[in-house]
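**Student:** Pasted the sequence and its predicted model underneath.
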Amino acid sequence: MTRTPVNVTVTGAAGQIGYALLFRIASGHLLGSDVPVKLRLLEIPQGLKAAEGTAMELDDCAFPLLQGIEITDDPNVGFAGANVALLVGARPRTKGMERGDLLAANGSIFGPQGKAINDNAADDIKVLVVGNPANTNALIAQASAPDVPAERFTAMTRLDHNRAISQLSQKTGVAVSEIRRLTIWGNHSATQYPDIFHAEVAGKNAAEVVNDEQWLADTFIPTVAKRGAAIIEARGASSAASAANAAIDHVHTWVNGTADGDWTSMGIVSDGSYGVPEGIISSFPVTTKDGKFEIVQGLEINDFSRARIDASVQELVEERDAVRELGLI
Ligand SMILES: NC(=O)C1=CN([C@@H]2O[C@H](COP(=O)(O)OP(=O)(O)OC[C@H]3O[C@@H](n4cnc5c(N)ncnc54)[C@H](O)[C@@H]3O)[C@@H](O)[C@H]2O)C=CC1
Ligand SMILES: O=C([O-])CC(=O)C(=O)O
């Protein structure tokens, strides 16, 4: 193996998503089956011992692509030379807790981590924020990293995207592999808007195939938007393996590109497209190529979609204003 290893930093490595994520990174699912990786696991002091246990298990897999594991509680060490950073470590939402409650609790984690990325990461750093509230945590990290191009900070809405594809597949009886161009707009929260008006189901317009606005409004959208809470209710813990899978998908698509004629959903810094205020981190339909992404332009937004996009974006604006008031950005 002659390729230079890619440095991948995972925060919250000892948590439940970390446990589902690290083995897939080490086995080549994040970047490709020919790309060696070096892992850095960043934890808080209480998490270091469990992270060491996970690292022992990673060793025991003898992954051919895994060229080293370092464990630390120092963000400056954790992000040194990082090419990819997965910011998972945060306080997960527990039963009955709303996302707004999480802002203050998590904000102080992402400022210092953004600064450590700014000061220590590699020039090509790509950041995915998974820890909730993901969009606004990403905004805090991005605002704390003035030397890093803003578009390198992204938030995860790929789990919502995958959930929506699965629900649409079950409704239409068409395989997930035949569903394209679905979009998650806005916040990774209950206000998110999964949009099927431009989606295709086996080459046909999904909204026309479904032809049931009541199902869309009363079943599909709430099922997707509240799936996180439904999983917590059922499992007694928030989504872990599916979240790890979505993080793998997000970075893999970012690095390796979307399929021709398809797109994905990513939380990215808005450039003002589709009336989303510049600077907030909102989910958009994006195509990716050569490690870069572009917002899909020119989609017609009907009144049904407009109202829902605006509502979710309004929530993001309020979250931004709240963290501004807290002095976090
Ligand atoms: N964007 C999305 O679609 C999803 C996001 N999430 C979010 O992901 C986050 C992680 O979830 P889980 O792994 O289930 O939580 P967990 O509680 O099992 O693990 C979190 C880990 O982060 C560590 N941690 C806390 N503060 C840290 C810091 N400052 N630096 C490094 N590590 C730190 C903790 O010690 C713990 O090991 C939560 O915020 C959860 O809400 C979960 C599912 C989907
Ligand atoms: O709500 C949570 O903490 C978990 C989450 O984001 C999801 O499953 O979408």
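**Tutor:** That came in fine, so what should we check first? Ligands and ions are numbered 1, 2, ... in the order given.
**Student:** rest of the way, CA atoms for contacts and neighbours
**Tutor:** OK.
**Student:** residue in this structure nearest to ligand 2?
**Tutor:** Nearest residue of the chain to ligand 2: residue 228, at 3.2 Å (Cα to the nearest ligand atom).
**Student:** Go through the helix or strand hosting that residue and flag the buried ones.
**Tutor:** Taking DSSP states H and E as the criterion, residue 228 maps to helix 227-235. By 16 or more other Cα atoms under 10 Å, the buried positions in helix 227-235 come out as 227-229, 232.
**Student:** Please, where are all the strands along the stretch 201-329 of the chain?
**Tutor:** 204-205, 264-269, 281-289, 292-295 (DSSP state E, counting those that start in this stretch).
**Student:** which SS class is residue 86?
**Tutor:** What DSSP: H, G, I helix; E, B strand; the rest coil gives for residue 86 is strand.
**Student:** actually residue 13, sorry about that
**Tutor:** coil.
**Student:** what about the closest residue to it other than its chain neighbours, neighbour count?
**Tutor:** Leaving aside its sequence neighbours, residue 13 sits nearest to residue 41 (Cα to Cα, 6 or more residues apart in numbering; 5.5 Å). Using other Cα atoms under 10 Å, residue 41 has 29 neighbouring residues.
**Student:** Give me the distance between residue 41 and residue 77.
**Tutor:** With distances taken as Cα to Cα, to the nearest Å, residue 41 is found 10 Å from residue 77.
**Student:** Let me see the confidence value for residue 10.
**Tutor:** pLDDT for residue 10: 99.
**Student:** What distance do you get for it to ligand 1?
**Tutor:** Here residue 10 is placed at a distance of 8 Å from ligand 1 (Cα to the nearest ligand atom, to the nearest Å).
**Student:** What's opposite that residue in the beta bridge?
**Tutor:** Beta-bridge pairing of residue 10 under DSSP bridges involves residue 41, residue 86.
**Student:** pLDDT of stretch 205-225, averaged?
**Tutor:** For stretch 205-225, mean pLDDT rounds to 98.
**Student:** picking up where we left off before, closest one to residue 245 among the strands of the stretch 201-329 of the chain?
**Tutor:** Checking these against residue 245 by Cα to Cα gives strand 264-269 as the closest, at 14.5 Å.
**Student:** Indicate whether that closest one makes contact with ligand 1.
**Tutor:** No: contact of strand 264-269 with ligand 1 is not found when judged by Cα under 6 Å from any ligand atom; the minimum separation is 9.6 Å.
**Student:** right, is that strand up against ligand 2?
**Tutor:** No: Strand 264-269 stays clear of ligand 2 (Cα under 6 Å from any ligand atom), getting no nearer than 13.3 Å.
**Student:** same for that strand, what does it pack against?
**Tutor:** strand 153-155, helix 158-172, strand 183-185, strand 281-289 (3 or more Cα pairs under 8 Å, 6 or more residues apart in numbering; DSSP states H and E).
**Student:** Switch the ones you listed over to a markdown table; also include mean pLDDT.
**Tutor:** Shown next, in a markdown table, are the helices and strands packed on strand 264-269 (pLDDT from 0 to 100):
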| stretch | mean pLDDT |
| --- | --- |
| strand 153-155 | 98 |
| helix 158-172 | 98 |
| strand 183-185 | 99 |
| strand 281-289 | 98 |
